[in-house]
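Chemist: What follows is a predicted structure for the sequence shown.
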Amino acid sequence: MTDKLRLAVLVSGNGSNLQALIEACSAADFPAKIELVISNVPTARALERARSARVPALVLDRSQCPSQEDFEREALLALRAHRVGLVCLAGFMRILSASFLKAFSGPVLNIHPSLLPAFPGLNAPRQALKHGVKITGCTVHLVDEGTDTGPVLVQAAVPVLPADDEAALAARILIEEHRIYPLAVRCIAAGVTRVGERRIEIPGEAVVVGKSLHNPGKCTA
Ligand code: GRF
């Protein structure tokens, strides 16, 4: 295999998506490797997951980086030092500025627990239940300067069941998140193409199949 795509994962909390990426990256044929985890929360469980997997982890919390500018400057230095080519936000609870996105040379991905553009922002499963939708899901998208507004890369659908409360729905969505985040990384490694302003064309992309709204052949995880 040619050189692997060098990832950094930015986290603030539990880190189950980080875990899914760690596990995907442990396969010899996976085209990416996690070089760095950055947390803005020193007590995040995600940091323990990074340590267990022997992935370098950096904490940039408010005591070290009181302002957004401080955080972004230090994060950029670390990303450059580790020659990171792709940043994955995974439960990272800070908004990155337009100047950070411009200064970092590669793409930045985020995972969100809804079928964007529905239910952006906080508590997406709660929003879906409140709205009464029958199908929700999760989205991996490119990050732009808005909140959950960037072009969609991969999505998976999750039905809303009559007995669902927020926790039950969020847990079923998470299972799909763990499946599609590695898939999205594969897609970036395979060299996706942006068509016009928003549409992302994926090599081998198929029509709607089963639960997966996007079922990219060549990027199959
Ligand atoms: C996930 O639901 C993700 O979609 C959202 O934050 C949650 C993070 O979960 N952005 P985890 O920390 O990866 O377990």
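Modeler: Yep, that arrived.
Chemist: so where's this structure uncertain?
Modeler: 1, 205-221 (pLDDT under 70).
Chemist: residues from this structure in reach of the ligand?
Modeler: Residues of the chain lying close to the ligand (C-beta under 6 Å from any ligand atom) are 13-17, 90-91, 111-113, 174, 177. Quick note: C-beta positions are derived from backbone N, CA and C, even for glycine.
Chemist: how about those residues in TSV, adding neighbour count?
Modeler: Output for those, formatted as TSV (neighbours: other C-beta atoms under 10 Å):
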residue	neighbour count
13	17
14	15
15	23
16	18
17	26
90	24
91	23
111	25
112	23
113	24
174	19
177	23
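Chemist: Number of residues surrounding residue 132?
Modeler: 7 (other C-beta atoms under 10 Å).
Chemist: Contacts only, for it.
Modeler: By C-beta atoms under 8 Å, 6 or more residues apart in numbering, the contact list for residue 132 is empty.
Chemist: Equivalent analysis for the one 5 residues further on, please.
Modeler: Contacts for residue 137 (C-beta under 8 Å, 6+ apart) come out as 114-115, 155-158, 173, 176, 213.
Chemist: returning to that earlier point: let's see which of the residues of the chain next to the ligand end up in strands.
Modeler: If you go by DSSP state E, the residues of the chain next to the ligand have 111-112 in strands.
Chemist: Just the residues of the chain next to the ligand: which are in helices?
Modeler: 16-17, 174, 177 (DSSP state H).
Chemist: Kindly provide the distance from whatever residue of the chain ends up closest to the ligand to residue 40.
Modeler: Residue of the chain nearest the ligand, by C-beta to the nearest ligand atom: residue 91 (2.7 Å). If you measure residue 91 against residue 40 using C-beta to C-beta, to the nearest Å, the figure is 11 Å.
Chemist: Alright, calling it a day.
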